[in-house]
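Student: here is my input, please return the structure:
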Amino acid sequence: MQEFPFDAFPTPLLETIFDIEECTRSPREMIALTLLSGLSLACQSLINVKITDTMKSPVSLYSFVIADSGERKTAVEKLLLKPFHEHDLRVLLQYEKQKKEHEVESKIWSKKENALLKCIDKDTMKGLCTDKFSRQLEQLSAEKPVQPKARRYIYNNVTPEALQFEMYTHSPQTGLITDEGANILSRRTMSDLGFMNSIWDDESFHVNRKTGPSFTIKNGRITLLVMVQKAIFYDFLKRKGEHARGSGLLARCFILYIDTNLSTQGQRFISRLSSPQSGKLENLNRFYQRMNELIEKSASQHGTGHQTCLSFEPSALEAWKEIHDEIESSIGPDREYANMNDFASKLPNNVARLAALLSYYTEGECAIKKEYVENAWLLCEWYMQQAIKVFGAQEGHYEALLLSWLRREYYETEMDHVRFNTIRNAGPNVLRKGKLLERVIERLEKEGAIDIVRSRRKARMVYAGRYFCNNPFTKNAAYKHYWPR
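Tutor: Have a look, this model is predicted:
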């Protein structure tokens with residue numbers, strides 16, 4: 001896999017990533033995705049992105065970080081999202097005070113209402129005119145105490161029903177963020193996938209309730225960041241993976257898998273760690289300042305339901321269209337995004353969202369430049385490769401594709417083996433670059449579908465194994481892709 005494109009970040013954000021790395025010695029890739037989630041959380045209530053004349057999109061991002069215990073997920077999340085946690089703490093303390101005041105005011109208001117209703121009942125029984133009391137009751141209704149609101153940025157352990165009601169009663173823009181993914185994946189939070197998809201798509205979501213009034217969430221926005229251990233994530237895939245993939249939820253997400261190549265465990269010596277209180281983390285402090293500015297701006301226009309719509313500059317729009325067409329041409333059984341068409345179909349939209357976030361953080365309310373689109377594509381392309389690593393090989397598509405190609409090669413060449421380098425140079429397009437071919441070969445050999453033999457010159461030769469024609473991958477539709485020419 002190609003190196004992570006850190007240079008795609010504007011310099012202030014890149015330096016912030018380095019500051020967090022200096023504090024935690026966590027994987028930079030994990031820091032980067034958490035930072036992007038912070039941008040989404042801060043900006044989703046302030047901006048949308050206009051892609052074309054007929055296509056407008058929110059900028060909210062959905063992300064999964066799959067990493068084992070010890071990668072310091074909690075430290076990264078707490079440091080990068082510190083402004084939001086501090087905001088939520090202040091708001092909840094203020095809300096508790098306002099709620100008590102509201103209870104007292106509501107009791108007094110109810111007493112006045114009851115008194116007026118009794119007067120109206122009394123005069124009605126006597127046949128007297130009640131206009132005076134009716135006007136007073138109408139005026140009193142206009143003075144009914146308003147339920148206080150607590151706009152929280154982060155929820156991490158909540159049911160779908162509770163989250164929906166919170167979004168309706170307090171704020172339709174929020175975050176579902178956890179560094180302990182079991183809180184979300186092992187419980188009912190992710191059971192309503194249609195709700196999560198509707199919010200990502202900028203659709204109003206109507207909730208019918210049996211025990212209370214029904215309601216509709218309008219202009220809803222959610223930033224999703226789930227940091228989860230590998231065992232819990234794969235358990236979720238076993239239980240809900242087919243539904244989550246089929247519904248399109250996972251395809252909307254950036255995927256990050258912290259493997260041994262990305263992990264920093266074993267390299268985090270205490271003598272090299274910096275303290276976040278050292279006063280040297282200037283870039284992180286500037287990041288905090290910018291986040292607090294966006295939080296204050298959002299609070300000042302809270303309730304207006306209005307987001308500024310950022311458009312592309314002409315050259316940026318052309319760049320986005322080229323990216324869109326490049327992605328579209330990569331969908332197909334023998335192309336780079338084979339078996340990942342669901343992820344690929346959401347990729348152009350995520351490019352636009354990410355370009356808008358990078359532009360707005362850096363330059364504010366102005367047209368999005370071409371460089372932001374190109375940098376967003378570099379990042380999205382890398383996350384797409386991560387998704388392929390996690391989901392592409394999982395269903396056996398690439399294994400079936402290679403078996404289909406090998407079957408044709410054995411038949412047409414009348415040979416009982418194929419050189420490994422021949423597969424690399426002339427095999428299925430999707431397997432010709434990166435480490436995917438190695439993983440596919442390894443799985444096929446493990447299943448007994450192929451045998452690997454070294455020649456005298458140490459070249460690898462791929463032979464048909466004992467179970468070449470009868471293995472789990474031959475049932476995959478991709479096994480029918482290659483036929484004798």
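Student: verify the stated contact: residue 171 with residue 151.
Tutor: Yes. Under the criterion of Cβ atoms under 8 Å, residue 171 makes contact with residue 151 at 4.1 Å. Where C-beta positions appear, they are placed from N, C-alpha and C, glycine not excepted.
Student: and the spatially most central residue of the chain, what are its bridge partners?
Tutor: Centrality entry for the chain: nearest residue to the mean C-alpha point is residue 62, 1.2 Å, by Cα atoms, centre = their mean. Beta bridges link residue 62 to residue 224, residue 253, judged by DSSP bridges.
Student: any idea how far residue 82 is from it?
Tutor: According to Cβ to Cβ, to the nearest Å, residue 62 stands 22 Å off from residue 82.
Student: give me the nearest residue to residue 116, chain neighbours excluded.
Tutor: Setting aside the residues directly before and after it, residue 116 is nearest to residue 137 in space (Cβ to Cβ, 6 or more residues apart in numbering), at 4.7 Å.
Student: quick one: contacts of the lowest-mean-pLDDT helix or strand in the chain?
Tutor: Ranked by mean pLDDT, DSSP states H and E, the weakest helix or strand in the chain is helix 182-185, scoring a mean of 78. Applying Cβ atoms under 8 Å, 6 or more residues apart in numbering, the contact partners of helix 182-185 are 156-157, 176, 178, 189-190, 226, 228-229, 232-233, 235-236, 240.
Student: show me where the stretch 1-150 of the chain has its helices.
Tutor: Here the stretch 1-150 of the chain has its helices, by DSSP state H, counting those that start in this stretch, at 11-24, 28-43, 73-80, 82-126, 131-142.
Student: picking up where we left off before, OK, contacts around the residue nearest to residue 116?
Tutor: Residue 137 makes contact with 113, 116, 117, 120 under the criterion Cβ under 8 Å, 6+ apart.
Student: now the buried members of those residues.
Tutor: Buried residues within the contacts of residue 137, counting neighbours by 16 or more other Cβ atoms under 10 Å: 116, 120.
Student: could I get the contacts of residue 137 as a markdown table with distance to residue 399 and pLDDT?
Tutor: Shown next, in a markdown table, are these (distance: Cβ to Cβ, whole Å; pLDDT from 0 to 100):
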| residue | distance to residue 399 | pLDDT |
| --- | --- | --- |
| 113 | 71 | 90 |
| 116 | 77 | 90 |
| 117 | 75 | 91 |
| 120 | 78 | 90 |
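Student: which of the contacts of residue 137 sits closest to residue 74?
Tutor: The shortest approach to residue 74 among these belongs to residue 113, at 49.3 Å (Cβ to Cβ).
Student: isn't that closest one right up against residue 138?
Tutor: No. The pair residue 113 / residue 138 is not scored as a contact, 11.3 Å apart, by Cβ under 8 Å.
Student: which one is residue 354 nearest to, not counting chain neighbours?
Tutor: Once flanking residues are discounted, residue 354 sits nearest to residue 376: 3.8 Å by Cβ to Cβ, 6+ apart.
Student: helix, strand, or coil at the one you found?
Tutor: Recorded secondary structure, residue 376: helix (DSSP: H, G, I helix; E, B strand; the rest coil).
Student: that one: neighbour count?
Tutor: The local packing of residue 376 (other Cβ atoms under 10 Å) involves 25 other residues.
Student: kindly report the same for residue 129.
Tutor: So residue 129, with other Cβ under 10 Å, has 9 neighbours.
Student: okay, now the residue lying closest to it once chain neighbours are set aside: neighbour count?
Tutor: Once flanking residues are discounted, residue 129 sits nearest to residue 123: 7.1 Å by Cβ to Cβ, 6+ apart. If you count neighbours by other Cβ under 10 Å, residue 123 ends up with 16.
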